[in-house]
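**Q** need a 3D model of the following:
(chains A and B)
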Amino acid sequence: DAKTTQPPSMDCAEGRAANLPCNHSTISGNEYVYWYRQIHSQGPQYIIHGLKNNETNEMASLIITEDRKSSTLILPHATLRDTAVYYCIVRVGTNDYKLSFGAGTTVTVRA
Amino acid sequence: GAVVSQHPSRVICKSGTSVKIECRSLDFQATTMFWYRQFPKQSLMLMATSNEGSKATYEQGVEKDKFLINHASLTLSTLTVTSAHPEDSSFYICSAPLRQGGGYGYTFGSGTRLTVV
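**A** Numbers count the residues shown, from 1 in each chain, chains lettered A, B, ... in the order given. Down below sits the predicted model:
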(Lines give C-alpha, C1' and ligand atoms only; values in the text may rest on other atoms or scores of the structure.)
Protein backbone atom coordinates (compact mmCIF):
# COMPACT_ATOMS: atom_id res chain seq x y z
CA ASP A 1 0.00 0.00 0.00
CA ALA A 2 1.20 3.50 -0.79
CA LYS A 3 2.58 5.64 2.03
CA THR A 4 0.66 8.69 3.21
CA THR A 5 1.81 11.87 4.92
CA GLN A 6 -0.44 13.88 7.20
CA PRO A 7 0.23 16.82 9.51
CA PRO A 8 0.51 15.60 13.10
CA SER A 9 -2.08 17.99 14.49
CA MET A 10 -4.45 20.82 13.71
CA ASP A 11 -6.96 22.99 15.51
CA CYS A 12 -10.33 24.02 14.22
CA ALA A 13 -13.00 26.39 15.49
CA GLU A 14 -16.40 24.91 16.22
CA GLY A 15 -18.84 25.56 13.40
CA ARG A 16 -16.13 26.18 10.84
CA ALA A 17 -14.99 23.82 8.11
CA ALA A 18 -12.01 21.61 8.87
CA ASN A 19 -9.77 20.79 5.95
CA LEU A 20 -7.47 17.84 6.54
CA PRO A 21 -4.72 17.30 3.96
CA CYS A 22 -3.10 14.04 2.99
CA ASN A 23 -0.21 13.44 0.60
CA HIS A 24 0.04 10.12 -1.21
CA SER A 25 2.42 10.81 -4.08
CA THR A 26 3.18 7.12 -4.75
CA ILE A 27 -0.44 6.06 -5.09
CA SER A 28 -1.05 3.56 -7.85
CA GLY A 29 -3.97 3.40 -10.24
CA ASN A 30 -5.98 0.78 -8.38
CA GLU A 31 -5.53 2.22 -4.90
CA TYR A 32 -8.34 3.99 -3.08
CA VAL A 33 -8.05 6.76 -0.52
CA TYR A 34 -9.79 5.88 2.74
CA TRP A 35 -10.42 8.09 5.75
CA TYR A 36 -11.10 6.80 9.23
CA ARG A 37 -11.20 8.58 12.55
CA GLN A 38 -10.69 7.43 16.10
CA ILE A 39 -12.26 9.23 18.98
CA HIS A 40 -10.40 8.74 22.22
CA SER A 41 -10.68 5.20 23.63
CA GLN A 42 -12.96 4.00 20.85
CA GLY A 43 -12.49 1.86 17.78
CA PRO A 44 -11.86 3.63 14.47
CA GLN A 45 -14.87 4.80 12.49
CA TYR A 46 -15.15 4.81 8.72
CA ILE A 47 -15.69 8.26 7.23
CA ILE A 48 -15.39 8.11 3.46
CA HIS A 49 -13.36 6.69 0.60
CA GLY A 50 -12.75 7.46 -3.06
CA LEU A 51 -10.76 6.47 -6.11
CA LYS A 52 -10.48 9.57 -8.27
CA ASN A 53 -13.76 11.45 -8.15
CA ASN A 54 -14.70 13.74 -5.31
CA GLU A 55 -17.06 12.09 -2.85
CA THR A 56 -19.53 13.40 -0.31
CA ASN A 57 -21.60 11.73 2.36
CA GLU A 58 -23.40 12.77 5.49
CA MET A 59 -20.17 13.05 7.45
CA ALA A 60 -17.67 14.65 5.11
CA SER A 61 -16.42 15.44 1.63
CA LEU A 62 -13.33 14.01 0.01
CA ILE A 63 -11.50 16.03 -2.60
CA ILE A 64 -8.87 14.17 -4.62
CA THR A 65 -6.51 16.09 -6.88
CA GLU A 66 -6.51 15.28 -10.56
CA ASP A 67 -3.10 13.60 -10.36
CA ARG A 68 -4.34 11.72 -7.26
CA LYS A 69 -1.15 12.54 -5.38
CA SER A 70 -2.98 14.28 -2.59
CA SER A 71 -6.43 14.63 -1.10
CA THR A 72 -8.34 16.69 1.42
CA LEU A 73 -10.98 15.57 3.85
CA ILE A 74 -13.48 18.31 4.61
CA LEU A 75 -15.66 18.35 7.70
CA PRO A 76 -18.11 21.08 6.68
CA HIS A 77 -19.21 22.26 10.12
CA ALA A 78 -16.91 20.92 12.81
CA THR A 79 -18.38 20.19 16.22
CA LEU A 80 -16.67 19.36 19.49
CA ARG A 81 -17.57 15.71 18.87
CA ASP A 82 -15.35 15.74 15.79
CA THR A 83 -12.27 15.97 18.00
CA ALA A 84 -10.38 12.79 17.09
CA VAL A 85 -7.38 11.34 15.31
CA TYR A 86 -8.00 11.18 11.57
CA TYR A 87 -6.27 8.58 9.46
CA CYS A 88 -5.75 8.77 5.72
CA ILE A 89 -5.04 5.32 4.29
CA VAL A 90 -4.30 4.35 0.73
CA ARG A 91 -4.86 0.81 -0.39
CA VAL A 92 -6.27 -1.41 -3.05
CA GLY A 93 -9.99 -1.39 -2.45
CA THR A 94 -10.98 -4.56 -4.20
CA ASN A 95 -9.55 -6.97 -1.66
CA ASP A 96 -9.93 -7.51 2.06
CA TYR A 97 -6.28 -7.35 3.00
CA LYS A 98 -5.10 -5.82 6.23
CA LEU A 99 -5.47 -2.12 6.88
CA SER A 100 -2.30 -0.34 7.99
CA PHE A 101 -2.50 2.82 10.07
CA GLY A 102 -0.03 5.68 10.11
CA ALA A 103 0.22 8.32 12.81
CA GLY A 104 -2.77 10.31 11.56
CA THR A 105 -3.74 13.91 12.31
CA THR A 106 -4.99 14.82 15.75
CA VAL A 107 -7.80 17.30 15.21
CA THR A 108 -8.93 19.40 18.13
CA VAL A 109 -12.15 21.35 17.68
CA ARG A 110 -12.32 24.32 20.02
CA ALA A 111 -15.42 26.16 21.15
CA GLY B 1 -25.12 -0.99 9.25
CA ALA B 2 -22.75 -3.86 9.92
CA VAL B 3 -21.47 -3.90 13.48
CA VAL B 4 -18.73 -5.75 15.29
CA SER B 5 -19.54 -6.16 18.95
CA GLN B 6 -16.46 -6.40 21.16
CA HIS B 7 -16.42 -7.50 24.80
CA PRO B 8 -15.37 -6.73 27.41
CA SER B 9 -14.79 -3.02 26.97
CA ARG B 10 -12.53 -2.87 29.97
CA VAL B 11 -10.77 -5.54 32.01
CA ILE B 12 -8.27 -5.54 34.84
CA CYS B 13 -6.45 -8.77 35.55
CA LYS B 14 -3.63 -9.98 37.72
CA SER B 15 -0.23 -10.73 36.32
CA GLY B 16 0.02 -14.34 35.19
CA THR B 17 -3.65 -14.83 34.43
CA SER B 18 -5.31 -15.11 31.02
CA VAL B 19 -7.90 -12.83 29.49
CA LYS B 20 -10.25 -13.56 26.62
CA ILE B 21 -11.59 -10.85 24.33
CA GLU B 22 -14.53 -11.60 22.03
CA CYS B 23 -15.57 -9.99 18.79
CA ARG B 24 -18.89 -10.89 17.23
CA SER B 25 -20.09 -9.75 13.84
CA LEU B 26 -23.73 -8.75 13.93
CA ASP B 27 -25.89 -9.04 10.81
CA PHE B 28 -23.01 -10.19 8.63
CA GLN B 29 -20.54 -13.02 8.37
CA ALA B 30 -16.92 -12.22 9.07
CA THR B 31 -14.66 -14.77 7.43
CA THR B 32 -11.69 -12.60 8.38
CA MET B 33 -10.98 -10.65 11.55
CA PHE B 34 -8.02 -8.37 12.13
CA TRP B 35 -6.68 -7.84 15.65
CA TYR B 36 -4.89 -4.61 16.53
CA ARG B 37 -3.11 -3.35 19.61
CA GLN B 38 -2.72 0.31 20.48
CA PHE B 39 -0.43 1.72 23.16
CA PRO B 40 -1.07 5.20 24.58
CA LYS B 41 -0.47 8.03 22.11
CA GLN B 42 0.44 5.56 19.38
CA SER B 43 -1.30 4.34 16.28
CA LEU B 44 -2.95 0.98 15.79
CA MET B 45 -0.56 -1.88 15.16
CA LEU B 46 -1.82 -5.02 13.48
CA MET B 47 -1.11 -8.09 15.58
CA ALA B 48 -2.73 -10.90 13.65
CA THR B 49 -5.33 -11.91 11.12
CA SER B 50 -7.79 -14.67 11.86
CA ASN B 51 -9.70 -16.61 9.25
CA GLU B 52 -12.68 -18.79 9.97
CA GLY B 53 -11.70 -22.44 9.99
CA SER B 54 -7.96 -21.95 9.64
CA LYS B 55 -4.95 -20.89 11.68
CA ALA B 56 -4.36 -17.24 12.38
CA THR B 57 -1.54 -15.33 10.71
CA TYR B 58 0.63 -13.33 13.09
CA GLU B 59 2.63 -10.22 12.31
CA GLN B 60 6.35 -10.26 12.85
CA GLY B 61 7.28 -9.98 16.50
CA VAL B 62 3.91 -11.08 17.85
CA GLU B 63 4.08 -14.25 19.95
CA LYS B 64 1.46 -16.67 18.74
CA ASP B 65 1.63 -18.75 21.91
CA LYS B 66 0.93 -15.70 24.02
CA PHE B 67 -1.86 -14.22 21.93
CA LEU B 68 -4.15 -17.11 21.07
CA ILE B 69 -6.65 -16.39 18.35
CA ASN B 70 -9.64 -18.55 17.57
CA HIS B 71 -12.10 -17.99 14.75
CA ALA B 72 -14.45 -20.88 15.27
CA SER B 73 -17.45 -19.51 13.43
CA LEU B 74 -18.38 -16.89 10.86
CA THR B 75 -19.61 -14.57 13.59
CA LEU B 76 -17.11 -15.01 16.42
CA SER B 77 -13.39 -14.42 16.77
CA THR B 78 -11.59 -14.43 20.11
CA LEU B 79 -8.21 -13.23 21.31
CA THR B 80 -6.82 -14.73 24.51
CA VAL B 81 -3.90 -13.03 26.17
CA THR B 82 -2.20 -15.82 28.10
CA SER B 83 -0.05 -15.32 31.16
CA ALA B 84 -0.59 -11.59 30.96
CA HIS B 85 2.07 -9.20 32.21
CA PRO B 86 1.94 -5.45 32.82
CA GLU B 87 3.60 -4.81 29.46
CA ASP B 88 0.55 -6.40 27.78
CA SER B 89 -1.59 -3.58 29.11
CA SER B 90 -2.97 -1.92 26.02
CA PHE B 91 -6.06 -1.17 23.96
CA TYR B 92 -7.06 -4.14 21.80
CA ILE B 93 -9.32 -3.64 18.79
CA CYS B 94 -10.80 -6.07 16.30
CA SER B 95 -11.89 -5.27 12.76
CA ALA B 96 -13.71 -7.09 10.02
CA PRO B 97 -13.66 -6.31 6.30
CA LEU B 98 -16.95 -6.03 4.50
CA ARG B 99 -18.19 -5.17 1.08
CA GLN B 100 -18.73 -1.45 0.72
CA GLY B 101 -19.82 -0.09 -2.61
CA GLY B 102 -17.46 -1.43 -5.24
CA GLY B 103 -14.77 -2.47 -2.80
CA TYR B 104 -14.04 -3.31 0.80
CA GLY B 105 -14.37 -1.23 3.91
CA TYR B 106 -13.69 -2.15 7.49
CA THR B 107 -15.83 -2.08 10.57
CA PHE B 108 -14.19 -1.95 13.97
CA GLY B 109 -15.10 -3.13 17.42
CA SER B 110 -15.26 -0.57 20.22
CA GLY B 111 -12.03 -1.84 21.74
CA THR B 112 -10.96 -3.50 24.98
CA ARG B 113 -8.84 -1.67 27.51
CA LEU B 114 -6.68 -4.28 29.22
CA THR B 115 -4.85 -3.39 32.41
CA VAL B 116 -2.57 -6.00 33.94
CA VAL B 117 -1.64 -5.38 37.57
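**Q** can you list the residues of chain A near chain B?
**A** By Cβ under 8 Å from any Cβ of the partner chain, the residues of chain A that approach chain B are A:32, A:34, A:36, A:38, A:41-46, A:49, A:87, A:93-96, A:98-104. Where C-beta positions appear, they are placed from N, C-alpha and C, glycine not excepted.
**Q** for chain B, what spans make up the strands?
**A** Ranges of strands in chain B, per DSSP state E, are B:3-7, B:10-13, B:19-26, B:32-38, B:45-51, B:57-58, B:67-73, B:76-81, B:90-100, B:103-108, B:112-116.
**Q** chain center to the helix or strand hosting A:I48, what's the gap?
**A** Element membership of A:I48 [criterion: DSSP states H and E] is strand A:45-50. Taking Cα atoms, centre = their mean, to the nearest Å, the mean C-alpha location of strand A:45-50 is offset from the chain mean by 7 Å.
**Q** what helices or strands is the very next helix or strand once past that strand leaning on?
**A** Next along the chain after strand A:45-50, taking DSSP H and E as the criterion, comes strand A:55-56. Under the contact criterion of 3 or more Cβ pairs under 8 Å, 6 or more residues apart in numbering or on different chains; DSSP states H and E, strand A:55-56 touches strand A:45-50, strand A:61-64.
**Q** can you list the neighbours in contact with strand A:55-56?
**A** Strand A:55-56 is contacted from outside by A:I48, A:H49, A:S61, A:L62, using Cβ atoms under 8 Å, 6 or more residues apart in numbering or on different chains.
**Q** that strand pairs with which strands, parallel or anti?
**A** Using DSSP bridges, the strands paired with strand A:55-56 are strand A:61-64 (antiparallel).
**Q** for the partner strand, give me every contacting residue.
**A** Residues contacting strand A:61-64 (Cβ under 8 Å, 6+ apart): A:33, A:35, A:48-56, A:70-74, A:76.
**Q** how about a cut-off of 7 Å?
**A** Outside strand A:61-64, the residues that touch it by Cβ atoms under 7 Å, 6 or more residues apart in numbering or on different chains are A:V33, A:W35, A:I48, A:G50, A:K52, A:N54, A:E55, A:S71, A:T72, A:L73, A:I74, A:P76.
**Q** if we can go back for a sec, show the buried residues in the residues of chain A next to chain B.
**A** Among the residues of chain A next to chain B, the ones that count as buried by 16 or more other Cβ atoms under 10 Å in any protein chain shown are A:32, A:34, A:36, A:38, A:42-44, A:46, A:49, A:87, A:93, A:96, A:98-102, A:104.
**Q** out of the residues you listed, which sit inside helices?
**A** Of these, none are assigned to helices by DSSP state H.
**Q** around chain A, which positions in chain B sit nearby?
**A** Contacts of chain B with chain A, taken as Cβ under 7 Å from any Cβ of the partner chain, map to B:32, B:34, B:43-44, B:46, B:49, B:93, B:95, B:97, B:103-106, B:108-111, B:113.
**Q** could you redo the last one with a cut-off of 8 Å?
**A** Residues of chain B lying close to chain A (Cβ under 8 Å from any Cβ) are B:4, B:6, B:32, B:34, B:36, B:43-46, B:49, B:91, B:93, B:95, B:97, B:100-111, B:113.
**Q** closest one of the contacts of strand A:61-64 to B:P86?
**A** B:P86 lies nearest to A:W35 out of those, by Cβ to Cβ, at 34.5 Å.
**Q** chain neighbours aside, what residue packs nearest to that closest one?
**A** The shortest distance from A:W35 to any non-neighbouring residue, by Cβ to Cβ, 6 or more residues apart in numbering or on different chains, is to A:I47 (4.3 Å).
**Q** cool, and A:K69?
**A** A:K69 sits nearest to A:S25 (Cβ to Cβ, 6+ apart), 4.5 Å away.
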